[in-house]
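Undergrad: following is a predicted model, sequence given first.
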Amino acid sequence: MKQDLPIGIFDSGVGGLTVYRALHERLPDERFVYLGDTARVPYGTRSLATVERYAIENARFLEAHGIKLLVVACNTASALALPAIREAVRVPVVGVIEPGARAAVDASGGPAVKRRIGVIATEATVQSGAYASAIARLDPDASVIANACPLFVPLAEEGWAGTEVAQMVAADYLKEIKEYGVDTLVLGCTHYPILKSVIQETVGREVSLIDSGEAAALNVEGLLEESGLRRVERVEPQRERQLCDDLDHFYVTDAAARFSRVAERFLGSAPSRLEAVEVWGHDELRTH
C-alpha cells in the first residue's frame with residue numbers, strides 16, 4: 001500500500017537533517033529515506049543549470065527507491081529547481097520556500113505590525129529572490145530584507161554554534177537586518193536552526209524566528225492527510241520511534257564517516273543504516 005511507502009528527503013549535504021528531524025517529530029509513524037549529496041555540496045554557489053541537474057538526479061534516485069512523497073529540504077534547490085523536479089518525478093514534491101514564507105507572513109501579520117520580514121540563506125537562495133517573491137504573493141504589504149550568511153554552515157557542522165566566534169559572525173551578518181527592524185526572521189538554510197540560539201540572541205527576543213523545515217513538515221502532514229497517504233498505525237507499536245533508527249535509511253554521495261559524525265552532532269544519534277552511493281545521469285545509480 002502507498003501509505004506504507006517512506007517519505008523521501010534530499011539535501012545538498014547534512015543540513016537537511018534538521019528537516020528530517022522536524023518531519024520525524026511531527027510524523028513519528030512514518031519512515032524516511034534521506035539522500036545527502038555530500039560529494040557535490042555546496043549548492044549555494046552553483047549555477048541554475050547545475051542545481052537543476054543535481055536536484056533531478058537526487059529526486060530520481062529517491063523515486064527509484066519507492067517513495068510516496070518527496071521533500072526538497074535544500075533551500076537552494078527549492079528556490080531554483082522545484083518546477084524542474086516536479087516535472088522529473090511522479091510523486092508529490094514539497095519544497096521549503098513556500099511553507100517558510102507562509103509561516104513568516106502568519107507570524108508577522110497584524111495591522112499594528114510593520115510587517116518587516118528578514119531572510120537569511122545561502123547566496124544562491126538570496127539572489128534568486130524566492131522568499132521575497134513568495135512573501136509578496138502572500139502579503140504585498142510586507143517588506144523583505146535578505147542576507148547571505150555562508151559561514152553559518154561550517155560553524156554548525158563543526159559544533160561551534162555556542163562559541164564567541166559564532167557570536168561575532170552573527171553580529172556581523174545580522175547587523176543590517178537588526179537595524180532594519182524586522183519583526184520576523186526566516187532561517188532559510190537547513191543548517192541555520194543549529195545556530196538558532198545565537199541568532200535569537202543577536203536579533204532580539206522580540207523577533208520571531210521561522211524554521212522553514214518545521215513549516216515544511218506541517219505542510220507535508222496536511223498533504224498526507226488530504227491525499228490519504230498518511231500511515232495510520234505505528235510501525236513498531238511496542239517501542240517508540242527514535243531518530244536515525246533502523247526504519248530510516250540514509251544515503252550519501254561521499255564522506256559517509258563525516259556525515260555520521262555531523263548527524264550525531266545535529267540529532268544526538270548517528271544513522272544506524274547509512275550507505276554511500278554514486279548518483280548521476282537520469283535514473284542510473286551505482287552502490288559502493
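TA: Okay, I see it.
Undergrad: please, which helix or strand holds the closest residue to residue 268 other than its chain neighbours?
TA: Nearest residue to residue 268, sequence neighbours excluded (Cβ to Cβ, 6 or more residues apart in numbering): residue 243, at 6.9 Å. C-beta here means a position set from N, CA and C on the backbone, and glycine is covered the same way. Using DSSP states H and E, residue 243 sits within no helix or strand.
Undergrad: neighbours of the nearest residue to residue 272 once chain neighbours are set aside, how many?
TA: Distances taken as Cβ to Cβ, 6+ apart place residue 246 nearest to residue 272, at 4.7 Å, with adjacent residues excluded. The number of residues packed near residue 246 is 10, by other Cβ atoms under 10 Å.
Undergrad: residue 246 reaches residue 274, doesn't it?
TA: No: with contacts counted by Cβ atoms under 8 Å, residue 246 stays clear of residue 274, the gap being 10.8 Å.
Undergrad: still on that earlier bit, separation between the residue nearest to residue 272 and residue 185?
TA: Distance, residue 246 to residue 185, by Cβ to Cβ, to the nearest Å: 37 Å.
Undergrad: just residue 45 next, same as before
TA: Taking Cβ to Cβ, one finds residue 45 at 23 Å from residue 185.
Undergrad: cool, residue 133 as well?
TA: In terms of Cβ to Cβ, residue 133 sits 18 Å off from residue 185.
Undergrad: between the two, who's got more neighbours?
TA: residue 185 (28 against 14).
Undergrad: confirm that residue 186 sits in a strand.
TA: Yes: looking at residue 186 with DSSP: H, G, I helix; E, B strand; the rest coil, it is inside a strand.
Undergrad: got the domain ranges for the chain?
TA: Per automatic domain parsing, the structural domains of the chain span 2-95+214-287, 97-212.
Undergrad: hey, least reliable of the ones you listed by pLDDT?
TA: Across these, domain 2-95+214-287 has the smallest mean pLDDT, namely a mean of 91.
Undergrad: roughly how far out does that domain sit from the chain middle?
TA: Centroid separation for domain 2-95+214-287 versus its chain: 9 Å, with Cα atoms, centre = their mean, to the nearest Å.
Undergrad: before we move on, what about stretch 121-131?
TA: 14 Å.
Undergrad: which parts of it are buried?
TA: For stretch 121-131, burial by neighbour count (16 or more other Cβ atoms under 10 Å) applies to 121, 122, 123, 124, 125, 126, 128, 130, 131.
Undergrad: what is the burial count for the closest residue to residue 90 other than its chain neighbours?
TA: Spatial nearest neighbour of residue 90, excluding adjacent residues (Cβ to Cβ, 6+ apart): residue 63 at 7.0 Å. Residue 63 has 17 neighbours, counted by other Cβ under 10 Å.
Undergrad: confirm residue 63 sits in a strand?
TA: No: applying three-state DSSP, one finds residue 63 to be helix, outside a strand.
Undergrad: and it, how far is that from residue 35?
TA: Taking Cβ to Cβ, one finds residue 63 at 11 Å from residue 35.
Undergrad: which residues are in contact with each of those two?
TA: Listed contacts common to residue 63 and residue 35 are residue 8; contacts here mean Cβ atoms under 8 Å, 6 or more residues apart in numbering.
Undergrad: quick one: the strands in the chain?
TA: 7-11, 32-36, 69-72, 93-94, 116-121, 143-148, 184-188, 208-211, 249-252, 274-279, 285-287 (DSSP state E).
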